[in-house]
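Enquirer: Next input, structure requested:
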Amino acid sequence: MADGATIDARRAWQLAAIAAAVAVLVFAASLASAWRLVELKIFDHFSTLAPPPLSPDSPIIVAIDEPSMAEIGQRWPWPRDLHARLVTALRAAGAEAIGLDIIFSEPSTAAGDHALTAALGPDVVLAADETVIRTPQADQLIRVEPLAAFTASGARSGIVSISLDGDGVVRRVPAYADGFAARLLETAGGVAPAVPAGALIQGFGPPRSFQTVSYYQALDPGAFLPPDAFRGRTVIVGLSMQSAPSVDTGGPDVYATSDTVRSHRLLAGAELQATIFENLGGRHFVMPAPVVAVALAILAAAALAALSVWSGTGRITAAVSIAAVLGIFAASLLLLQYGRVFLAPVAPSLAFAGVAAIQSARDYAAERRRRMRITRAFSQYLSPVLVERLADDVSQLKLGGERRVLTVLFCDVRGFTTISEEMKDDPEGLTRLMNRLLNPLSDVILKAGGTIDKYIGDAIMAFWNAPLEDPDHAVHAIEAALAMLDAVDALNAEREREAAGSERAPTPLRIGVGINSGDCVVGNMGSDFRFNYSALGDPVNLASRLESETKNFGVSILVGEAAARLVGGRIALAELDLVKVKGKSQAVMVSTPVPRATADALAWHAALIADMYAGMLRADGPRFEVLGKELPEVAGFYRILRDRLAAGR
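Expert: Model prediction:
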């Protein structure tokens, strides 16, 4: 058997291999586009859980909405001189920068274009568009700019184009250096930071989270709005309906964003540009963790999982895994909230759970194999209940030999030679008879918690207090012996009923039982090819000798002195005599179980005889501390009583 250090080293290498394999597989899977969409859904939930507040200088939305269409009374698109009036009114109201999220790429009426050209200036940013048309032959970039007359008047243009992720959701900050929101931020006196490719947009809430006024109100702010409503503010003008369209209904110039996961509403293009403006101005955008960081996080999670199952797996493993996954998700959320970095928790969580699950499955399979080995090894000589206890707690089993105080029982059939002679013409019948006897005797032993060591022809050897501890092993062994006598009586009665009416009555079966306790060595004994769980030691030999001595005493059960001491009066035992068995230099007192009333009578008669002989002894002579040892006459009395008890049995 491998020692503990070898087992630990083997488990360490196995866990390292499992952790490395799981980390590689999870990392490879995390590169798939479908996986990344799952991670982006996590970002949607995390980024909208506690969005940052809007800054005091966040843009105001001038919405081209339902009330404005009703007030103006014209169908869209509206005349450009109306937009010129709006720009003039906003500038007069103190707006610092004005963004028109409207593409003026085609000429309109001469009067309208002239009016808008006159109203525009360096404080205005107009919308431009950039589209890539992909064909098998080549990719074609198409850019749509405002009329040259408008930009010649000092107005700037900025690209309002956005990109969608694979699930149709806007999450990325546009990578254009001349993006609409970036140009508007610069116009308002800010500095647009260089945003790395792939930066994620931080949302600020559901539709209409930004301060919003209707277009018709902005045309005459003095009449409809509080004083200085636009002073020093950035204004974005664009389509933004009051009833924000849902995912199901859709609408023009509206987009699904991270906020859609909670609000189930689409965000208007003007509000999306305001969101990008606030991300740039407040540095709120979120950077995806680099690939190297993701790989290290996956590897670290796999390594932590290996450490958590190093000492073993069990019911607590699931709880530890759940706690670890929750911790990984919490760490990812905190990193996003305070570090503005999104390291998706899915891959590290799967790495941790994968390592824990694989090792748990391996340990479960090993446990099943171990239980099967124990069941196969001990089911032949332990009761099913004890086999289950051993399988549940293998620490109670120490294979290979250990010292332990055992109570050993030997049982042999009396007169087996005579029975064999009578049935010499029916060997099959003799085998059936022995099986009929040994089955109930074995059942009694197992039910009493004993371990059947071996069958030796018509004899049984059993012991108590191994492999499972039994504090009352001596009591249980004697109780088993008494129950074995009852089982033999029941079998004899059954055989007599079966033989009723026949010419020849069956020979009654009788057994002798020897019981002794003491230090033994117990464990797997044998060779590399065949072994048995057995006990060795002097107490075993004495128990076997006591079984033979039952013939001389004429009783069915003889109990050794050591076993009698362990019983401690819980079973009535009558001391019979000192016996010097073969191989022993000193005699031992032997006892036999008797009914409690008989034991009381024995004690009374022994005391009476002691009184009778007391006067014959010198004053300093031996005392009757152990009856039967000092006076041969007392021992003779026990023999007489023994014969009477035997006749009664």
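Enquirer: if I pick residue 27, what's in contact with it?
Expert: 294, 295, 298, 347 (C-beta atoms under 8 Å, 6 or more residues apart in numbering). Backbone N, C-alpha and C define where each C-beta goes, glycine included.
Enquirer: quick check, nearest of those residues to residue 587?
Expert: Checking these against residue 587 by C-beta to C-beta gives residue 298 as the nearest, at 76.6 Å.
Enquirer: Just say helix, strand or coil for residue 227.
Expert: coil (DSSP: H, G, I helix; E, B strand; the rest coil).
Enquirer: Against residue 312, how distant is it?
Expert: Counting by C-beta to C-beta, to the nearest Å, the separation of residue 227 from residue 312 is 74 Å.
Enquirer: quick one: which of the two has more around it?
Expert: Set side by side, residue 227 and residue 312 show more neighbours around residue 312, with 12 against 9, by other C-beta atoms under 10 Å.
Enquirer: any idea how far that one lies from residue 254?
Expert: Residue 312 is 56 Å from residue 254, by C-beta to C-beta.
Enquirer: just for the stretch 51-200 of the chain, where's the confidence low?
Expert: Residues of the stretch 51-200 of the chain that meet the criterion pLDDT under 70 lie in 134-139.
Enquirer: One more pass at 80, please.
Expert: Low-confidence segments of the stretch 51-200 of the chain (pLDDT under 80): 132-141.
Enquirer: can you map out the strands along it?
Expert: In the stretch 51-200 of the chain, the strands defined using DSSP state E, counting those that start in this stretch lie at 60-64, 97-100, 124-134, 139-144, 156-159, 169-170.
Enquirer: again, but for the stretch 251-400 of the chain
Expert: 254-257, 267-268, 287-288, 341-342.
Enquirer: Can you say which of those is packed in most?
Expert: Comparing those by mean neighbour count (mean count of other C-beta atoms under 10 Å), strand 267-268 ranks first with a mean of 28.
Enquirer: quick check: domain ranges of this structure?
Expert: 4-44+290-371, 53-283, 394-572, 594-649 (automatic domain parsing).
Enquirer: Between the two ends of the second one, what distance do you get?
Expert: This points to domain 53-283. Length of domain 53-283, first residue to last, C-alpha to C-alpha, to the nearest Å: 13 Å.
Enquirer: middle-most residue in the chain, spatially?
Expert: For the chain, residue 318 is the residue whose C-alpha lies nearest the centre (C-alpha atoms, centre = their mean; 1.6 Å).
Enquirer: can you count the residues close to residue 64?
Expert: 24.
Enquirer: Okay, now the unreliable bits of the stretch 301-450 of the chain?
Expert: In the stretch 301-450 of the chain (pLDDT under 80), the answer is 314, 370-401.
Enquirer: Please enumerate the helices of it.
Expert: Along the stretch 301-450 of the chain, the segments classed as helices by DSSP state H, counting those that start in this stretch run 315-339, 346-378, 384-392, 416-422, 427-447.
Enquirer: all strands of the stretch 501-649 of the chain, in order?
Expert: 510-526, 531-536, 557-559, 573-579, 588-593.
Enquirer: tell me, which of the ones you listed is the model least confident about?
Expert: The minimum mean pLDDT among the strands of the stretch 501-649 of the chain belongs to strand 531-536 (a mean of 79).
Enquirer: JSON lines for the strands of the stretch 51-200 of the chain, including distance to residue 566?
Expert: JSON lines is the format used below for the strands of the stretch 51-200 of the chain (distance: least, C-beta to C-beta, whole Å):
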{"stretch": "strand 60-64", "distance to residue 566": "93"}
{"stretch": "strand 97-100", "distance to residue 566": "98"}
{"stretch": "strand 124-134", "distance to residue 566": "92"}
{"stretch": "strand 139-144", "distance to residue 566": "94"}
{"stretch": "strand 156-159", "distance to residue 566": "96"}
{"stretch": "strand 169-170", "distance to residue 566": "79"}
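Enquirer: how about those, which one is nearest residue 289?
Expert: Taking the strands of the stretch 51-200 of the chain one by one with C-beta to C-beta, strand 169-170 is closest: 19.5 Å.
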